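Peer 1: based on what follows, work out the 3D shape:
(one chain, ligands or ions: 1)
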Amino acid sequence: MYSQHNIELEVSKGDIANQPELDVVVNAANAELAPGGGVAGAIHKAAGHGLYKECKPLAPIYPGEAVITNAYKLPNKKIIHCLGPVYGKDKPEKELLASCYRNSLKIAESNHLNSIGFPGISTGIFGFPADLAVEVVFNTVLAELPHLEHLKKIKFVVFNDKDLHLYESKLKTISTD
Ligand code: ADP
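Peer 2: Residues are numbered from 1 along each chain as shown. As a prediction, this is how the structure comes out:
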């Protein structure tokens with residue numbers, strides 16, 4: 001367990017659609033906020049059709065943007081939907097990916113949520129190299145920690161052992177309190 005500024009940082013391998021202890025989970029959404037493959041498919045399937053009904057009028061969203069909805073049948077209070085950049089297409093890709101994480105944290109804060117789970121936004125179908133993404137994720141999240149008041153736990157939910165090791169080795173390098 002790692003903590004900085006009194007906020008727990010954790011990584012675990014699992015399904016972002018099955019994280020009952022978290023107030024909010026982040027969806028690696030598509031612009032239409034529709035069900036699809038990967039994370040968006042898992043979240044919409046678990047949440048049920050009510051989710052897409054709420055999402056539809058909020059779309060389209062743009063790379064780096066995030067919106068919040070109810071969680072329906074997901075075991076969380078809310079879902080934040082974020083559109084990551086398509087690697088090699090949406091530029092500047094690192095800045096857009098950073099905006100995803102920053103905007104998600106800001107929305108969680110303004111909704112007084114205490115814990116949040118992130119998948120590896122853009123690292124699936126959108127093709128962002130995982131090692132590059134992890135650098136962006138940590139730079140962005142660590143820079144936001146001093147500004148967070150309500151959030152007490154940030155969990156990175158990864159889907160394979162390679163990403164688990166990437167996040168674990170990054171967590172080991174941060175100074176803890
Ligand atoms: P994007 O379109 O933003 O690249 P994807 O959903 O394709 O998003 O994938 C994002 C990352 O999430 C990938 O690393 C993928 O392996 C992982 N992933 C896919 N399904 C799940 C899931 N159910 N829970 C957590 N991570 C997942």
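
Peer 1: ok, residue 76 - contacts?
Peer 2: 19, 20, 22, 23, 24, 25 (CB atoms under 8 Å, 6 or more residues apart in numbering). Backbone N, C-alpha and C define where each C-beta goes, glycine included.

Peer 1: ok, and the closest non-adjacent residue to the residue most central in space within the chain?
Peer 2: For the chain, the residue nearest the mean C-alpha position is residue 118 (2.9 Å; CA atoms, centre = their mean). Of all residues not flanking residue 118 in the chain, residue 26 sits nearest, at 4.9 Å (CB to CB, 6 or more residues apart in numbering).

Peer 1: in stretch 162-177, which residues are buried?
Peer 2: For stretch 162-177, the neighbour count (16 or more other CB atoms under 10 Å) marks 163, 164, 166, 167, 170, 171 as buried.

Peer 1: got the contact list for that stretch?
Peer 2: For stretch 162-177, contacts defined as CB under 8 Å, 6+ apart pick out 2-6, 9, 11-13, 120, 123, 130-131, 134, 138, 142, 156, 158.

Peer 1: mind checking the pLDDT average for that stretch?
Peer 2: Per-residue pLDDT values across stretch 162-177 average out to 89.

Peer 1: before we move on, what about stretch 101-121?
Peer 2: Here the average pLDDT along stretch 101-121 is 98.

Peer 1: got it, and stretch 40-48?
Peer 2: For stretch 40-48, the per-residue pLDDT averages 98.

Peer 1: are it and the ligand in contact anywhere?
Peer 2: Yes. Figure legend: stretch 40-48 in contact with the ligand (CB under 6 Å from any ligand atom); contacting residues 40, 42.

Peer 1: which strands and helices lie in contact with the host helix or strand of residue 79?
Peer 2: For residue 79, the host element (DSSP states H and E) is strand 78-83. Where contact means 3 or more CB pairs under 8 Å, 6 or more residues apart in numbering; DSSP states H and E, strand 78-83 is packed against strand 24-29, strand 66-70, helix 93-110.
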